[in-house]
Each structure stands twice: as structure tokens, then as C-alpha cells.
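Undergrad: dropping the sequence and predicted coords here.
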Amino acid sequence: MSSLTPFKDLVHRRCGLHLEGLAEARLVKAVEALQTDTDINDTSKLIAQLEQNEAMFDRFISQLTVNETYFYREPEALHWLADTYLPRRLAEKGKPLAIFSAGCSSGEEPYSVAIALLERYGERAKQLFHITGGDVDQQVLSKAQKGIYSGMSFRALNPALKHRYFHPEGRRFKIDDALRQWVTFCSFNVLQANADKLGPFDVILFRNVSIYFDEATRRDIQRHLKQLLEPHGILMCGVTETLGNDLGILELHQAQGVFFFQDSTLPSALPANDEPPYRDDPLPALAVLSETPPQPPENEPENESEHKQPMTSFNAALQQAHHLLNQNAFSEAAALLSDLLVQQPWSVDALLLAGLVARWQQNFADAYDCFKRAIYVAPECWPAHFFQAELFRLGELSDAPGQRKRGYAAVIRLLDASKQADGGLSVIAPPIPPGDAYFLATRYLGAQATTQGVG
Ligand SMILES: C[S@@+](CC[C@H](N)C(=O)[O-])C[C@H]1O[C@@H](n2cnc3c(N)ncnc32)[C@H](O)[C@@H]1O
């Protein structure tokens, strides 16, 4: 048994988090910090301390949670809520509605809902809606309560909204006080969600949280969250998590391209004019990759500004796919990339990520095709050359020594020309640092290798 196992078990039991893969590195750091702080190295003593000392446990958990969030993340869902679902539900109920952001991190999600509702209803929104955010991580909650944010939090927020609802505070921005007081925050563990203390809610946002839980835990969580919903209330997950949460506990629906879950045991409350249920409209499978020579796009969009909003969400989804890959959430990453490649079959970033995901999923021929397409559309894509060569070197495809050498040589040639070349990637950072790729390519090509004849 690894020395980390007791810590993993404790965190899994109390918070549901599944600390495998890359998350293990965070756990190692957190345990080291704990050993330094307490001057205790004995695992069972440390576990006992964590069990007894709530503040210590909170600090420990803070180092393990992934708090990545930003304003207006997945804006399609926010717009649908503010412009379609909530107005209709408000008319039906004729009394104020309650909205809960479960796993709200530093508050960007519940504040985004508040902003969208203020935009729609003006000041009246504060009487019509109660908005609450909850999280297991006390540190992010205290940041949410302060409402002070810096650059990355605003990456998807329209500058006009930023200007309207925030004011500069040093080099950061503070949310409008009245808005801050409207949204309330509470300590909340989704595994211990208790309907006596919280809810019921008309809408629960549970977005970009469930990816950190295994399926058994997701089932438990969905049962808990179901208890917190008003009859006909809805639960919304992030776009990449929808499939993983279709567990037969709540029923999945789609309206105007937005997915949500609802209790199927109640008479249907689907709003009129909704589209057919989700199951009739599955996500496309990973874009079919054929041997047909790739055809790059003939007409790029001429007017950038016309495409600004779709590009923003496309880029945000690419970042999300990269993040999922880094979290070893391969099927979720594959589903998202498949969707992105339908929208933009020649996105170099999406092709490269799809190649990496396919490789992790042992679909080596698909991985090869993705890298090939990335190179076709962006010959300067040194990461695609590198990973394609790796497929041969590692025996994942039967070796083609000439092609393998050409791949590594291309990496060296491209990085010789520019040490920090982005490799034609416009959104994600290269998945391997250029210095490492250069070093490895040189090594694999042979110490004396030169680029002559093989570039
Ligand atoms: C990636 S953030 C998502 C924030 C926001 N919902 C969004 O979509 O941008 C995930 C959040 O879930 C929280 N979380 C993890 N485990 C939790 C649990 N057991 N109960 C409540 N929140 C939890 C983390 O602390 C983190 O702040």
C-alpha cells in the first residue's frame, strides 16, 4: 500500500475527491506541507490530526481542490437561464426563485448568474431571485465573499459588463457592493448535502465539479442534489460532464442546445417548444478520421468581429479540453474535442489535443491521423511532429525509422529557427515545453544527428 493511500481514502470518504493521476502530485505537496507544519512524519498520527482538527483539514483540502473558474464560463447556459428558463418558471410560480451554485469556487459562477439576471431584470432581479454559492474549500469561499478578482477571471466577460459591475481596486477589480451583498455564500460539501439545512432550489448549477469524482460518488452526489431540488427544479452540469452524469437518477433534457437534468418521476414540466430529449440527439463521435488526403478550409471567416462570440466559447472549450486531458479525464476530453472538430475540423489546437487523447486511449492509429492532419494544416506544428515520432519510437505503431527520424528532425529544425515557437497553436500552450521537446528529439535522433537530409 502506498504511503499516500490513507490520505487518499480520507479525502475520498470526506469530500469524494478522487486523487489519482496528475492529482497525486498535489497530494504529495499537501502531505509534505502538513509534515513541515506539524513536524510529524508518521502517517497514522497525521491522519488522526486531520480527523480531529477541522481547520487543519480545511487547509489540507484547499491544496487538493481544483478551483479553476471565470466569469461567464459556458455563457450559453447562463443566457438560456436568464432569458428563457427563469422567466418562464417565475411566471409559473409567481414567487421568488432560488438558485444555487454547488462548488462555486471563488464566486465567479454565482456572480455571473447575478449579472445575467441584472441585465435582464434590472434592480428588480434582487427581489425576484435568491442566489447562493457553496463550496467545500473555505479559502475560495472567503475570496468569493471579498469579491476581488484579477485578470484571468475576466477572460470570457464582455468588457462592458466588467466596466458596469466592477471597479478597480489597485491592480485588481472589486465587484459592485450591492451585487456582492445580494449573493450569499456558505460552506457546503456536496457529499453531505442536507435538505434540512439547505434549499430547496429551482436551479442547481453543478458545473465543472463532477469531473473530480468517480462514478459511484457521482451517483451519491446526484441523489443528494435531487433532494435539494424543488419539484421540477433543474440541475445543470458543465458541457463536458453531461454524459458522465446521465446516471439514471435524474432525466437528461435538452432545450435550445443547453442540457439539464430534471426529476423524471414527476409529470413532465418541460417548457413548451423545447427540442427533443438529449438521447435523441447524441453528441457526434470523435470526428471520423479517414485516409482521405486532408483538405484544408477554402474560406476562412473574413470578418473576425462577426465570429467573436463563437470563437470565444470555442477557445474556452479548447482550454477545457486541455484541462480535462491534464486531469486524465480522457473520455470527457474526447467527447468535447469531437464536438469541437465538428465545428472546426482544421483547428490545429483541437487536432493536437485529439491526437494526445486518442493516444492515451490506446487508439494509436487515430492519434497518428490527428497529428498528420495537424501537420498538414500547420507544418510548423512541432508538437505534432514530436508526438507522431513518439508513436513509432515507443512501438505504439510499427516502426517506420525514416518517418520517426524526420519527425524528430522537424522538431529540431523548427525550434532551431525559434526557440519559443508556438507550433501554430493559437489557444493552448504546447503540451510539452519546447526546451524538453528539443532536448528529447536531439537525444532520440542520436547524439550526432543533424537535420541534414531528414528535415
Ligand atoms: C473547477 S471548480 C468549478 C467552479 C465553478 N462551478 C465553475 O464551473 O467555474 C470546482 C470546485 O468544486 C469544489 N469542490 C470539490 N469537491 C467538493 C465537494 N465535495 N463539495 C463541494 N464543493 C467541492 C472545489 O473546491 C472547487 O472550488
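TA: Now that the structure is in, tell me what you want to look at. Residues are numbered from 1 along each chain as shown.

Undergrad: who are the packing partners of the helix of greatest length in the chain?
TA: Criterion DSSP state H: the longest helix present in the chain is helix 308-326. With contacts taken as 3 or more C-beta pairs under 8 Å, 6 or more residues apart in numbering; DSSP states H and E, helix 308-326 sits against helix 330-343, helix 348-360. The way it works is simple: take the backbone N, C-alpha and C, and place the C-beta from them, glycine included.

Undergrad: so for the ligand, which of the ones you listed sits nearest?
TA: Of all the helices and strands packed on helix 308-326, it is helix 330-343 that lies closest to the ligand, at 13.0 Å by C-beta to the nearest ligand atom.

Undergrad: which residue is nearest the centroid of this structure?
TA: Taking C-alpha atoms, centre = their mean, the centroid of the chain lies closest to residue 320, which sits 4.2 Å from it.

Undergrad: give me the buried positions along stretch 256-268.
TA: Buried residues in stretch 256-268, defined by neighbour count with 16 or more other C-beta atoms under 10 Å: 258-263.

Undergrad: and the residues you listed near the ligand, which?
TA: Restricting the buried residues of stretch 256-268 to those touching the ligand (C-beta under 6 Å from any ligand atom) yields no residues.

Undergrad: now the residues you listed in TSV, with pLDDT and distance to residue 206?
TA: TSV is the format used below for those (pLDDT from 0 to 100; distance: C-beta to C-beta, whole Å):
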residue	pLDDT	distance to residue 206
258	88	14
259	90	12
260	94	11
261	95	9
262	94	13
263	90	15
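
Undergrad: mind checking which of these are in strands?
TA: Per DSSP state E, strands hold the following members of those: 258-262.

Undergrad: pull the most distant pair out of the buried residues of stretch 256-268.
TA: 258 and 263 (17.9 Å; C-beta to C-beta).

Undergrad: around the ligand, pick out the residues from the stretch 1-150 of the chain.
TA: Counting by C-beta under 6 Å from any ligand atom, the stretch 1-150 of the chain sits next to the ligand at 15-17, 65-69, 73, 103-105, 109, 135-137, 140.

Undergrad: 8 Å instead?
TA: 15-17, 61-62, 65-70, 73-74, 101-106, 108-109, 134-137, 140 (C-beta under 8 Å from any ligand atom).

Undergrad: the residue nearest to residue 203 when sequence neighbours are not counted and the ligand, how far apart?
TA: The spatial neighbour of residue 203 that comes closest, neighbours along the chain excluded (C-beta to C-beta, 6 or more residues apart in numbering), is residue 99 at 4.6 Å. The gap separating residue 99 from the ligand is 13 Å, by C-beta to the nearest ligand atom, to the nearest Å.

Undergrad: and residue 439, by the same measure?
TA: Relative to the ligand, and taking C-beta to the nearest ligand atom, residue 439 is found at 33 Å.

Undergrad: tilt between the least confident helix or strand in the chain by mean pLDDT and helix 348-360?
TA: Least confident helix or strand, the chain: helix 308-326 with a mean of 80, by mean pLDDT, DSSP states H and E. Helix 308-326 and helix 348-360 are oriented at 20 degrees to each other (axes from the mean of the first three to the mean of the last three C-alpha atoms, to 10 degrees).

Undergrad: strands of the stretch 1-150 of the chain, residue ranges please.
TA: 97-102, 129-135, 148-149 (DSSP state E, counting those that start in this stretch).

Undergrad: after the shortest one comes which helix or strand?
TA: Put plainly, it is strand 148-149. helix 159-165 (DSSP states H and E).

Undergrad: starting at the chain centroid, how far to that following helix?
TA: 24 Å (C-alpha atoms, centre = their mean, to the nearest Å).

Undergrad: tell me which other helices or strands that helix touches.
TA: Under the contact criterion of 3+ C-beta pairs under 8 Å, 6+ apart, helix 159-165 touches helix 108-121.

Undergrad: got any ranges where the stretch 151-300 of the chain has weak pLDDT?
TA: Along the stretch 151-300 of the chain, segments meeting pLDDT under 70 span 266-300.

Undergrad: residues of it that sit close to the ligand?
TA: For the stretch 151-300 of the chain, the residues in contact with the ligand (C-beta under 8 Å from any ligand atom) are 188-191, 205-209, 212-213, 221, 238.
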